[in-house]
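Asker: Next comes the sequence, and after it the predicted model I'd like to discuss.
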Amino acid sequence: MKLAIMQPYLFPYLGYFQLIKAVDMFVIYDDVQYIKRGWINRNHIFSQNGKQRITLQVLGGSLNSLINQVKVGSNGEKLLKTLQHNYSKSPYFKDIFPLLERILLQKEKNLVHFLDYALKQTCEYLNVHPKWYFSSSLTKDNTLQGQDKILSICKTLGVNEYINLPGGRGLYNHEKFHQKDLRLSFIQPRAVEYQQFNTSFIPNLSIIDVMMFNSQKQCGRFLKEYDVN
């Protein structure tokens, strides 16, 4: 069984969903420190002037807060208007905008549950369905940090392979996983390019961009554009 563990993010890029597709179990890493001014509640979308940052307002996101202790602010409707302005003429706007409305206009105020709903709704559209957990609900040694905490979750769920995004290569040690009879792998997303109106392609934007400019079938093909090693 293959496992991935990731902090939740606001409409993350295609590679995040490729990782979810690559595993049998996916854990929302919700009981770790919230990184203020990080990317949990931010992302980039397309605009005619280049990439544009969007930020979901949060409340209580201090340096000592865990992600599952942070609350959502009240700018969901404003974000929705920004997305409507930037993507209303995209080929799949009518298919994707109702999905964004359900997500951004939800009443949920806990950041983790808000983002969890967003990820699950997006996975439903992309037809990706691993078993889904919150790290805070799993039995583990909560005094552990970093790699050791990940190994503890792997043991709890009884998996034999842990897969991470390329950015994790500097965080995890193959020998440590091997000592626990676990395989450590990383996915490497391949370069994917598609038409964004009549402008030069801007890569690695939010999954919103991928879905607005590509059919559901094409999104499914893009989800397979990665290598594991």
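Answerer: Alright, I've got the coordinates.
Asker: Could you use CA atoms for every contact and neighbour count after this?
Answerer: Will do.
Asker: so C154 sits in a helix?
Answerer: Yes. In this structure, C154 lies within a helix as judged by DSSP: H, G, I helix; E, B strand; the rest coil.
Asker: Who are the contact partners of it?
Answerer: Contacts here follow C-alpha atoms under 8 Å, 6 or more residues apart in numbering; on that basis C154 touches L3, N160, Y162.
Asker: Buried members of those residues into ChimeraX, please.
Answerer: Remark: buried members of the contacts of C154, expressed as a ChimeraX selection using 16 or more other C-alpha atoms under 10 Å:
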select :3,160,162
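Asker: Mind putting the contacts of C154 into TSV with distance to G73, secondary structure and pLDDT?
Answerer: Rendered in TSV, the data for those read as follows (distance: C-alpha to C-alpha, whole Å; DSSP: H, G, I helix; E, B strand; the rest coil; pLDDT from 0 to 100):
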residue	distance to G73	secondary structure	pLDDT
L3	32	strand	98
N160	39	coil	97
Y162	34	strand	98
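Asker: Go through the contacts of C154 and name the one nearest T139.
Answerer: L3 (15.9 Å; C-alpha to C-alpha).
Asker: Quick check: that closest one touching L165?
Answerer: No. Counting by C-alpha atoms under 8 Å, L3 stays clear of L165, with 11.9 Å between them.
Asker: quick check, distance from the host helix or strand of K21 to the centre of its chain.
Answerer: K21 is located in helix 14-22, with elements delineated by DSSP states H and E. Relative to its parent chain, helix 14-22 has a centroid offset of 8 Å by C-alpha atoms, centre = their mean, to the nearest Å.
Asker: Same question for stretch 127-139.
Answerer: Taking the mean C-alpha point of stretch 127-139 and that of its whole chain, the gap between them comes to 13 Å (C-alpha atoms, centre = their mean).
Asker: strand partners of the helix or strand following the helix holding K21, parallel vs antiparallel please.
Answerer: Sequence order places strand 25-28 as the next helix or strand after helix 14-22, per DSSP H and E. Under the criterion DSSP bridges, strand 25-28 sits next to strand 2-6 (parallel), strand 131-134 (parallel) in its sheet.
Asker: any idea how far I40 is from the residue nearest to Q7 when sequence neighbours are not counted?
Answerer: Residue nearest to Q7 in three dimensions, not counting chain neighbours: Y29, with 4.6 Å by C-alpha to C-alpha, 6 or more residues apart in numbering. Distance, Y29 to I40, by C-alpha to C-alpha, to the nearest Å: 11 Å.
Asker: Determine the residues that are contacts of both of these two.
Answerer: Q7, P8.
Asker: other SSEs contacting the lengthiest helix in the chain?
Answerer: Once the chain is assigned using DSSP state H, the helix that runs over the most residues is helix 111-126. Helix 111-126 makes packing contacts with strand 71-72, helix 93-104, helix 216-222 when contacts are defined by 3 or more C-alpha pairs under 8 Å, 6 or more residues apart in numbering; DSSP states H and E.
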